[in-house]
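> Got a predicted structure here, sequence first:
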Amino acid sequence: MHLDSVQVDGRLSDVSLDVGPGEIVVLVGPNGSGKSTTLAVAAGELAADSGVVSLEGRPVAEFSARELSLVRALLPQNHAIGFDFSVEDVVALGRIPRGHDGAIVSQVLDALALSVLRKRGYLTLSGGEQQRVQLARVLAQLWPGDAGSFLLLDEPGNHLDLNHALQSWSLLRQLSARGVAVLAAMHDVNQAARLADRLVVLRDGKSIASGDPWEVLTEALVEEVFGVQGRLLGEGDERAFVWRIAPSGGPLIG
């Protein structure tokens, strides 16, 4: 996946990034920085005003809707289902481009610990359970995943408790190991850094930094981009930011 100097009037200005097979790239930035717009452009859901957007060297605009559905899957930030389908029926919707496969639906349900809920009505689920079902639907579209597949996720951790979030990140790691290219947008910089092979920082519709997560996420950059002071603690994979909100409401170093 390749984006070069992408512009969308009023939303993106000169955004560039690459996501290779087996790589997880995570977009971080404050609200309104362009993360969701970047995902929509990369997925072919939104046309760029200028710049290059391609999948495996082919412009996204040249793909038919069916061709796109066979190589990339998109989890939007908001998703609504007005009918009370069962959990397994929602997940099966992801198989429409390739044809129904009950075995794959079962495998994805198992992978996200949803098998016990498979006959439950989707509308009876909690927000976190619904998020996991939507993630399962998207994964079913590409399952079991291989090089040449692209997974785009907008806030995949929405409503997830810590245990299910970590289970989901582990599953994404397994898919990337099979060659799937993953591009995600996340608000939590600590979780983003732990998941990503590479971070892209957006601000005001521009990509202002890209690279190894803990090289990019300096205390100075976090304060500059998010307007929050934080202290980076730990070493190696155990690093994380901590923050403390002062009684006055102002964010200060803990």
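Cool, the structure landed.

> hang on, isn't R11 packed against T37?
Yes. Using C-beta atoms under 8 Å, R11 is in contact with T37, at 4.5 Å. Heads up, the C-betas are built off the backbone N, CA and C, glycines and all.

> what do the two both touch?
Common neighbours of R11 and T37, counting by C-beta atoms under 8 Å, 6 or more residues apart in numbering, are G205.

> Which one of these two is surrounded by more residues?
T37 (22 against 19; other C-beta atoms under 10 Å).

> The more buried one contacts D9, correct?
No. Using C-beta under 8 Å, T37 makes no contact with D9, being 10.6 Å away.

> the helices in the stretch 1-150 of the chain, which residues?
Using DSSP state H, counting those that start in this stretch, the helices of the stretch 1-150 of the chain run over 35-42, 65-71, 87-92, 102-111, 127-142.

> buried stuff in the third one?
Applying a neighbour-count criterion of 16 or more other C-beta atoms under 10 Å, one finds V87, E88, D89, V90, V91, A92 buried in helix 87-92.

> Then stretch 110-130?
A111, L112, L114, L117, R118, R120, Y122, L125, E129, Q130.

> In space, what's closest to D204 - neighbours in sequence excluded?
Taking C-beta to C-beta, 6 or more residues apart in numbering, and ignoring the residues beside it in sequence, D204 has S33 as its nearest neighbour in space, at 6.5 Å.

> Identify the residues contacting that neighbour.
By C-beta under 8 Å, 6+ apart, S33 lies in contact with L202, R203, D204, G205.

> where does the protein have its least confident helix or strand?
strand 251-252 (a mean of 52; mean pLDDT, DSSP states H and E).

> Format the CA atom coordinates belonging to the particular helix or strand that has L202 in it as PDB.
L202 is located in strand 198-203, with elements delineated by DSSP states H and E. Extracted as PDB, the C-alpha positions of strand 198-203 are listed here (Å, rounded to 0.1, in the frame of the first residue of the first chain):
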ATOM      1  CA  ARG A 198       5.900   1.800  12.500                       C
ATOM      2  CA  LEU A 199       4.000   4.800  13.600                       C
ATOM      3  CA  VAL A 200       2.800   7.700  11.400                       C
ATOM      4  CA  VAL A 201       1.900  10.900  13.300                       C
ATOM      5  CA  LEU A 202      -0.700  13.100  11.800                       C
ATOM      6  CA  ARG A 203      -1.500  16.700  12.700                       C
END
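
> looking just at contacts, which helices and strands does that strand meet?
strand 24-28, strand 206-211, helix 213-216, helix 219-226 (3 or more C-beta pairs under 8 Å, 6 or more residues apart in numbering; DSSP states H and E).

> could these go into a markdown table alongside mean neighbour count, distance to A48 and mean pLDDT?
Below are the helices and strands packed on strand 198-203 laid out as a markdown table (neighbours: other C-beta atoms under 10 Å; distance: least, C-beta to C-beta, whole Å; pLDDT from 0 to 100):
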| stretch | mean neighbour count | distance to A48 | mean pLDDT |
| --- | --- | --- | --- |
| strand 24-28 | 25 | 16 | 98 |
| strand 206-211 | 16 | 14 | 96 |
| helix 213-216 | 17 | 24 | 94 |
| helix 219-226 | 16 | 23 | 93 |
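
> so which of those gets nearest L139?
With C-beta to C-beta, the closest approach to L139 among the helices and strands packed on strand 198-203 belongs to strand 24-28: 14.2 Å.

> That closest one pairs with which strands, parallel or anti?
strand 181-185 (parallel), strand 198-203 (parallel) (DSSP bridges).

> Export these as CSV, with columns for mean neighbour count, mean pLDDT and distance to N158.
What follows is these, written out as CSV (neighbours: other C-beta atoms under 10 Å; pLDDT from 0 to 100; distance: least, C-beta to C-beta, whole Å):
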stretch, mean neighbour count, mean pLDDT, distance to N158
strand 181-185, 25, 98, 11
strand 198-203, 23, 97, 18
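
> Turn those strands into CSV, including distance to G145.
Output for the strands paired with strand 24-28, formatted as CSV (distance: least, C-beta to C-beta, whole Å):
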stretch, distance to G145
strand 181-185, 10
strand 198-203, 19
